[in-house]
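Kindly generate the corresponding structure for this input.
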Amino acid sequence: MTINGNDRSVPSRVTKNDPRGISSDLILNDETPRIEKPFSTSKGVDKTQKKKVAPLVDSALLRFLASTQQSPPPKNPQYPSGTEEDSIFKPLSTDTIPLQTSDQRNISRPSIEKQQFFIIPSSSGSYLDSMSNFTAVAKTGADKILNGEETAVPSDTATQIDSQSLESSNTTKSKLSQFDADTVTKALVEAGADFPEARNAGWEIQRYMYDRSRGSAIRRFLRSRDSLWANNDNADARAVLGNDKVGEMAGPVNYANVNTDVRNIEENRFEAVMEVFLSAGLTGKDCAAILSHTPALVMMKGRQDSCGTMTSGIAGEEDPRYKLVTLEETVDRVLNRTLCGVLGLRKYDARKVLRLCPGLLTNRGSMSAEQVIDLLFSLGSSYTALAREKAAIPVLLARSPASLFRLVAFLSSDSIRMPVARIGPLLRKSDCSALLDAVAPITAQIHIDEIQRRKMIESAYRKMAKTANCLHWTLGIDNLPKIVAANPSVLLLDTSTQILPVAGFLVENVGVWEEDVPKILEAYPALLGASVPKMQKVVDYLTSFELDMLTMGKIVRAFPYVLTLDVDTRMIPVVEFLRGIGVVNIGRFITRLPPVLGYSVTEELIPKWKYLSQENEFDAYFEVVRFPAYFSYPLDKVIMTRYEYLRARGISWKAASVDDVLRFGNADFARKVAGDLDDGSLFARFVKERKKKYQQRTKRKTKTKTKSLVKRISHTSVGN
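Numbers count the residues shown, from 1 in each chain. Model (predicted):
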């Protein structure tokens, strides 16, 4: 065989296993042409050029975590015995404070300087020299930490590292000591906060700083480790990491980037934060509640520098939304401009909102609050109406504007077809909180990751769409906006286990015609969420009074809420009262006045019965049996007012029956019963004057009670 016309011959034997047709044992000299094409994968990627990546977990990472492992501060600890002054206002004589746990064992809480927030001292391991650019490195390796072994490091490098490490550690200690739980507690107590609340805020701040520094340390370590694997041969990297020779290879550490987020903190950062809060009108109690919920606020810069420039409102943040924002600006935006300015809340109410939703004081939270208010205003909710819902404001402003906008889009879509002007009033109602929690949850209230959160929201929207289709197409309800406005949680009900069984129960067990089901559900949407077994218990109890299915159907069509009443606590006491006043035919009485089953015996039935039988000396039994609706009229506004007017006009109370006195309107009563010829104007003035006298009498009683209470308190204090 001849190659390129030369006389050099080579064996022609070729192995079957070689796809290139060249024998594996072919011997070529220097002039033999060689195949230059590298071996490639199916995707054409050269394995020799593949980027080297550090393993997910290796011995270096495990030794790093072991060397930096410290016990975090205990959560919600109990306090040492003795006075509060002994625990916060006196200087600590030791590095630890003995605490009592739930099992009354003494434990030690590391002080903030002992923890050092992962500013690793010089004994942390020489392998951190080149792998982590954040820590003060040491002259010994991880083996010394774990096994007590020494490693060789040049003496000049070790001296330089030790001096720089000590200086860095001392500087960081002085800056972080302001966030110690005892220091924070003392400052909050001096500002007027209660000791338990101040102590809890102190622990939350110290724990936050601990977690922040630990996470920052681990991230920098992983970046440096990945860089080492990418810039060095895998075998060399394994040798360096395994033999703790990183210090010799890497040389001195660049200390300019050590703990950047900690070094950017001023020594009086917490003092500046407290000054901003107090100058804005917040009390010590407000500060303790806010910092307990959102301890990250202590990392915000209080005010701009004297030159008026600032790189970032939160130390270490790179998000452009945090640029050039101070805590003073966010407090002014939320407290003065949004809550007190736009909504018109009093300062007291605005402070209460901040205590319930401290996240509003962050830059992101303040901007989200403004967007939510603008969205609700564009949906038909006035600022005055929003201000009236003081309990709902903190929950609303904590929602994501994007999530609320998606819910608005769903409600106004073809699934619901709710007018946009009605969506705003719906969202601010307290009844809408369950729906908002399902599709726009507050991040602080759910402890799941972002992926699970999105899956939960998507599942809620699929369920809502299925429920809307069932109500409209299966049950024939045309006015879905009315049902959703009355009971927003109806969209979260399951069609197969709740909605369809309720509709079937109304037709099969109550005697309601199928075409009447949509009308009943529109009139009382809460019936969709009722328990079928409980409704069956109500039906069984009512049928025990010889009510047939036809009568039951009429009662439910007129008063569907009767099916949701509790038999033991509501119906049985009413039936016993009716029997006590002499009513024999309970079924007929209930048929003529079904709402009586929901009346309160002590607050409504007994007072009205006493007024009819004792004050006016009526044959009360005869009157209520002839006119059961007597119990449905308000006692003071209607019953007592009209009989007092008849007495003032000199008309005997026996001149007209109870039915005639109560069943007419005001004008007809004055004309037909009282005999007035002025179309009820005299009776209207009587009602107005009576109401005014009643209010004055109520005020006098309140003042009298207040004076007597003050006297009792003063006598008690003098006696003590």
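
Please export the alpha-carbon coordinates of stretch 668-688; PDB is fine.
The C-alpha atoms that make up stretch 668-688 are tabulated as PDB, following Å, rounded to 0.1, in the frame of the first residue of the first chain:
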ATOM      1  CA  ASP A 668    -100.800  56.800  55.800                       C
ATOM      2  CA  PHE A 669    -100.500  56.200  59.600                       C
ATOM      3  CA  ALA A 670    -100.900  59.900  60.400                       C
ATOM      4  CA  ARG A 671    -103.800  60.300  58.000                       C
ATOM      5  CA  LYS A 672    -105.800  57.000  58.500                       C
ATOM      6  CA  VAL A 673    -105.000  56.200  62.100                       C
ATOM      7  CA  ALA A 674    -104.100  59.500  63.800                       C
ATOM      8  CA  GLY A 675    -106.600  61.500  61.700                       C
ATOM      9  CA  ASP A 676    -104.100  64.300  60.700                       C
ATOM     10  CA  LEU A 677    -105.000  66.500  57.800                       C
ATOM     11  CA  ASP A 678    -101.500  67.700  57.000                       C
ATOM     12  CA  ASP A 679    -100.200  64.600  55.000                       C
ATOM     13  CA  GLY A 680     -98.000  63.600  58.000                       C
ATOM     14  CA  SER A 681     -95.900  66.700  58.500                       C
ATOM     15  CA  LEU A 682     -96.900  67.000  62.200                       C
ATOM     16  CA  PHE A 683     -96.000  63.300  62.800                       C
ATOM     17  CA  ALA A 684     -92.700  63.900  61.000                       C
ATOM     18  CA  ARG A 685     -91.800  66.800  63.300                       C
ATOM     19  CA  PHE A 686     -92.800  64.600  66.300                       C
ATOM     20  CA  VAL A 687     -90.400  61.900  65.100                       C
ATOM     21  CA  LYS A 688     -87.500  64.400  64.600                       C
END
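
where along the stretch 151-300 of the chain do the helices fall?
155-176, 181-190, 195-231, 234-243, 246-250, 260-263, 269-279, 284-293 (DSSP state H, counting those that start in this stretch).

Lowest average confidence across the ones you listed, which one?
In terms of average pLDDT, helix 246-250 trails the rest of these, at a mean of 35.

Poorly predicted segments of the stretch 1-150 of the chain, please.
1-52, 67-150 (pLDDT under 70).

try it again with 50
Low-confidence segments of the stretch 1-150 of the chain, defined by pLDDT under 50: 1-43, 45, 71, 74-150.

Which helix or strand contains the closest residue in space to Ser652 that isn't next to it in sequence?
Excluding its sequence neighbours, the residue lying closest to Ser652 (C-beta to C-beta, 6 or more residues apart in numbering) is Leu646, at 7.8 Å. For the C-beta atoms, the positions are set from N, CA and C on the backbone; glycine is no exception. Using DSSP states H and E, Leu646 sits in helix 641-648.

who touches Pro607 in this structure?
For Pro607, the contact set (C-beta atoms under 8 Å, 6 or more residues apart in numbering) comprises Leu635.

From Tyr541, how far out is it?
According to C-beta to C-beta, to the nearest Å, Pro607 and Tyr541 sit 26 Å apart.

cool, Trp609 as well?
Taking C-beta to C-beta, one finds Trp609 at 23 Å from Tyr541.

same thing with Leu61?
69 Å.

go on, Arg199?
54 Å.

more neighbours, these two?
Arg199 (25 against 17; other C-beta atoms under 10 Å).

So that one sits against Asp182, correct?
No: between Arg199 and Asp182 there is no contact under C-beta atoms under 8 Å: 9.1 Å.
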